[in-house]
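*Asks:* Sequence and predicted structure, then a few things I'm wondering about:
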Amino acid sequence: MKPLFVVLIVASIIQLGQPAAASAQQQAPVSQAELIQVLLNRIDQLERRVADLEAPHTSAASTAPRSTPPAAAPMAAMEMPHPDTQPPAEGPNLKIAGFSDFNFSASDLPGSKSGFSEGQFILHMNSRLSSKVSFMGEISLTARPDAGTGTPPAPGFNAEVERTLIRYEHNDYFKASFGRFHTPINYWNTAYHHGQWLQTTVGRPEMTQFGGKFIPVHFVGALVEGAAGAGGLNLNYNFGVGNGRGSVISRGGDAGDNNNNRAWLVNMFVKPDRFYGLQLGGSTYRDKINTGGNAYGEWITSAHVVWSRETPEVIAEFANVNHENLITPSPRSNSQAYYVQVAYRLPHFEKRVKPYYRYEYIHIPQSDTLFQSQGVPSLAGSVVGGRFDASTYAAFKIEYRNQRRAPNVPRVNSVFVQTSFTF
């Protein structure tokens with residue numbers, strides 16, 4: 001602060017103090033809030049006087065008085081930074097949500113062991129970078145069964161970046177994203193992310209399991225999406241280009257594709273206004289896979305019908321995976337999978353109870369040498385269970401499964417108990 005300005009402020013304070021002292025015996029003392037307000041107004045006047053003295057030829061616009069803070073809240077005004085030093089209105093605003101679950105399981109599969117296990121520990125992160133640009137990330141920690149073994153000892157948990165993407169939202173019709181996605185190739189894979197609390201059941205359908213191989217669960221690249229009213233149909237679309245499956249077909253090409261052929265996908269669905277909760281859609285996915293010294297062309301087509309009301313909830317999906325060996329001529333193969341899940345939230349017990357049933361089926365023919373070499377199993381079985389919402393953010397589930405992996409293999413019976421929650 002310049003000397004002239006200091007002198008003027010000191011003189012002003014002395015002048016303010018003298019009347020207050022002279023009248024101290026005649027009236028109540030001036031409150032601190034009123035004194036601060038008077039000082040702020042006087043400083044404003046002194047700043048303008050100093051500006052006039054130091055720059056007499058300055059335009060009237062440059063010396064226009066600043067708006068003073070409201071008299072009702074002088075302390076709040078003093079705590080606020082000067083307008084010139086405030087951060088921009090648009091800026092990073094990170095929000096984090098967490099999910100986790102704990103489980104107990106028992107099975108009559110020979111060699112299996114019953115017991116408790118810790119599920120995934122999940123963090124979802126969202127940050128608005130501007131009015132049109134946002135970031136989304138998802139990190140998981142998964143317990144390892146081989147923890148402490150080997151040299152050096154294996155860690156207790158595997159850390160994984162499940163999703164990380166940046167999105168530009170021009171409007172409802174056009175949004176562009178870049179990063180690592182859950183592949184929008186079917187309904188479940190994008191409706192229910194990591195965090196078991198998000199879904200009705202204990203586990204995901206076999207065809208869309210995390211770490212599974214039937215469909216590519218993750219996709220690294222660019223995605224364009226949007227929605228249009230379309231006369232009440234509410235048409236949504238996704239178009240993506242990126243790295244397809246890696247040499248390990250259960251993983252995407254995080255560090256880069258292993259060939260020069262990009263994978264691409266198209267996903268479209270409608271959500272009609274007339275039938276609230278209804279969604280119908282389909283997807284197409286194309287890739288070239290290099291693994292085990294072979295190259296395969298892959299076509300995946302899928303369709304889904306969803307009624308997302310709680311009374312009832314119906315989810316049905318079908319997918320066909322077509323493989324062609326590009327090195328050794330052989331007939332094309334088609335592997336199919338589907339599931340149907342039905343749930344209903346009961347009106348009793350404050351609507352906390354939601355029983356469910358799911359039937360799922362996977363067929364891997366002998367002609368599909370890619371899936372056969374990768375150990376992708378067939379499946380036929382039922383899942384029945386119930387979900388009890390203990391609170392808004394915590395659920396208790398119990399589930400029974402009866403499944404068979406091949407026609408001549410005995411069925412396996414399993415029981416799962418889970419508590420899942422978000423925080």
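*Replies:* Sure, I can see it.
*Asks:* all strands of the stretch 301-423 of the chain, in order?
*Replies:* 313-325, 333-343, 353-363, 379-391, 394-404, 412-422 (DSSP state E, counting those that start in this stretch).
*Asks:* is it possible to export the ones you listed to CSV including mean neighbour count?
*Replies:* For every residue, glycine as well, the C-beta is placed using N, CA and C. Listed next are the strands of the stretch 301-423 of the chain as CSV, based on neighbours: other CB atoms under 10 Å:
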stretch, mean neighbour count
strand 313-325, 19
strand 333-343, 19
strand 353-363, 18
strand 379-391, 17
strand 394-404, 18
strand 412-422, 18
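*Asks:* Start and end of stretch 211-231, how far apart?
*Replies:* One end of stretch 211-231 sits 39 Å from the other (CA to CA, to the nearest Å).
*Asks:* what distance separates it from the middle of the whole chain?
*Replies:* From the chain centre to the centre of stretch 211-231 is a distance of 14 Å (CA atoms, centre = their mean, to the nearest Å).
*Asks:* Could you do stretch 330-342 as well?
*Replies:* Counting by CA atoms, centre = their mean, stretch 330-342 comes out at 28 Å from the chain centroid.
*Asks:* I figured Trp197 was touching Ser420, is that so?
*Replies:* Yes. The pair formed by Trp197 and Ser420 meets the contact definition of CB atoms under 8 Å, at 4.0 Å.
*Asks:* hey, where'd the strands end up in the stretch 101-250 of the chain?
*Replies:* According to DSSP E, counting those that start in this stretch, the strands that the stretch 101-250 of the chain contains are 115-118, 121-128, 133-143, 157-171, 174-182, 218-228, 235-243.
*Asks:* Can you say which of these is nearest to Gly386?
*Replies:* strand 115-118 (19.9 Å; CB to CB).
*Asks:* coming back round to it: what's the overlap in contacts for Trp197 and Ser420?
*Replies:* Both Trp197 and Ser420 are contacted by 99, 101, 394-395, under the criterion CB atoms under 8 Å, 6 or more residues apart in numbering.
*Asks:* Which strand residues bridge Gly282?
*Replies:* Met268, Ala303 (DSSP bridges).
*Asks:* how about low-confidence regions in this protein?
*Replies:* Low-confidence segments of the chain (pLDDT under 70): 1-42, 44-91.
*Asks:* quick check: domain ranges of it?
*Replies:* Domain assignment for the chain by automatic domain parsing gives 3-85, 94-422.
*Asks:* okay, those domains, which one's buried deepest?
*Replies:* Ranked by mean neighbour count, the domains of the chain are led by domain 94-422 with a mean of 17 (mean count of other CB atoms under 10 Å).
*Asks:* gap between it and the chain center?
*Replies:* Taking CA atoms, centre = their mean, the mean C-alpha location of domain 94-422 is offset from the chain mean by 14 Å.
*Asks:* End to end on that domain, go ahead and measure it.
*Replies:* 17 Å.
*Asks:* swap in stretch 105-120?
*Replies:* Span of stretch 105-120 from end to end, CA to CA: 15 Å.
*Asks:* same deal with stretch 318-335?
*Replies:* 11 Å.
*Asks:* what do you get for stretch 395-413?
*Replies:* 23 Å.
*Asks:* Show me what it is in contact with.
*Replies:* Residues contacting stretch 395-413 (CB under 8 Å, 6+ apart): 107-109, 197, 201-203, 377-390, 414-421.
*Asks:* coming back round to it: now the strands of the stretch 301-423 of the chain in CSV, with distance to Met207?
*Replies:* Formatted as CSV, the strands of the stretch 301-423 of the chain follow (distance: least, CB to CB, whole Å):
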stretch, distance to Met207
strand 313-325, 6
strand 333-343, 4
strand 353-363, 6
strand 379-391, 8
strand 394-404, 13
strand 412-422, 18
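*Asks:* Out of the ones you listed, the one nearest Tyr168 is which?
*Replies:* strand 412-422 (27.9 Å).
*Asks:* and the angle for the closest one with strand 379-391?
*Replies:* 30 degrees (axes from the mean of the first three to the mean of the last three CA atoms, to 10 degrees).
*Asks:* partners of strand 412-422, with directions?
*Replies:* Strand 412-422 sits in its sheet next to strand 94-107 (antiparallel), strand 394-404 (antiparallel), going by DSSP bridges.
*Asks:* of all these, which lies closest to Glu138?
*Replies:* Within those, the stretch nearest Glu138 is strand 94-107; the backing value is 9.6 Å (CB to CB).
*Asks:* how far off strand 133-143 does the closest one point, in degrees?
*Replies:* Using the same axes, to 10 degrees: strand 94-107 against strand 133-143 is 30 degrees.
*Asks:* report the angle between the axes of strand 94-107 and strand 121-128?
*Replies:* Using the same axes, to 10 degrees, strand 94-107 lies at 160 degrees relative to strand 121-128.
*Asks:* What lies in contact with strand 94-107?
*Replies:* 114-127, 194-198, 202, 412-423.
*Asks:* Try it again at 7 Å.
*Replies:* If you take CB atoms under 7 Å, 6 or more residues apart in numbering as the criterion, strand 94-107 is touched by 114, 116-127, 194-197, 412-423.
*Asks:* And for stretch 223-230?
*Replies:* Here stretch 223-230 has contacts from 172-177, 181, 234-240, using CB under 7 Å, 6+ apart.
*Asks:* cool, and stretch 124-136?
*Replies:* With contact meaning CB under 7 Å, 6+ apart, stretch 124-136 is reached by 90, 92-97, 137-138, 163, 165-170.
*Asks:* Endpoints of that stretch, how far apart?
*Replies:* Taking CA to CA as the criterion, the two ends of stretch 124-136 lie 8 Å apart.
*Asks:* again, but for stretch 318-336
*Replies:* 7 Å.
*Asks:* which of the contacts of stretch 223-230 lies closest to Ile249?
*Replies:* The closest of those, once distances to Ile249 are taken by CB to CB, is Phe181, at 17.2 Å.
*Asks:* separation between the closest residue to the closest one other than its chain neighbours and Leu278?
*Replies:* In space, and not counting its chain neighbours, Phe181 is closest to Phe219: 4.8 Å by CB to CB, 6 or more residues apart in numbering. Relative to Leu278, Phe219 is positioned 26 Å away (criterion: CB to CB, to the nearest Å).
*Asks:* Can you give me the distance of Ile166 to Ser140?
*Replies:* For Ile166, the distance to Ser140 - CB to CB - is 20 Å.
*Asks:* one step back: do I have it right that the residue nearest to Phe181 meets Phe239?
*Replies:* No. The pair Phe219 / Phe239 is not scored as a contact, 12.0 Å apart, by CB atoms under 7 Å.
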